[in-house]
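**Q** After the sequence you'll find the predicted model.
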Amino acid sequence: MQALAQIRQSVSSLPDKTNAKCIAASEIQRSQTKTNQARNHCALHQHGCLAPGLSSGPSSASLAAPVIAWLHYQLPTSQHTPAAARPGTGMRLLSWIGLAFLTAFSLTWLIWRLFGMD
């Protein structure tokens, strides 16, 4: 416990708090036993050390979803698909609603990330 208090005290005096917190969280993780690994993981996540790796997947997925949905819409509605196999009006309407939702979600997420609202 004294080592933990010393680490926290040294972290508070450093100018770059984010990197210092990551270093401190890593030191805390090394000093504790395997029975406390779940708590260590939460400590690392809480200090933002895991955030860069975790945000790249959702970032690319949320931006790619409307594009992929548009491509999936284009194939069955194109002139290359026989008229009998094309989706009906109800399915096209549902597809447009889904495309609008995905686009709105992606734009909202993009604005949220660009202006640092997280």
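**A** In hand now; what should we look at?
**Q** Tell me where this protein has helices.
**A** Using DSSP state H, the helices of the chain run over residues 2-13, 17-31, 37-46, 51-77, 89-114.
**Q** hey, least reliable of those helices by pLDDT?
**A** Lowest mean pLDDT within the helices of the chain: helix 37-46, at a mean of 50.
**Q** Buried residues, stretch 60-69. List them.
**A** Neighbour counts over stretch 60-69 (16 or more other CB atoms under 10 Å) mark 62, 65, 66, 69 as buried. C-beta coordinates here come from the backbone N, C-alpha and C atoms, glycine included.
**Q** Make JSON lines from those and add distance to residue 94 to it.
**A** Converted to JSON lines, those look like this (distance: CB to CB, whole Å):
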{"residue": "62", "distance to residue 94": "21"}
{"residue": "65", "distance to residue 94": "16"}
{"residue": "66", "distance to residue 94": "15"}
{"residue": "69", "distance to residue 94": "12"}
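**Q** Noted, bye for now.
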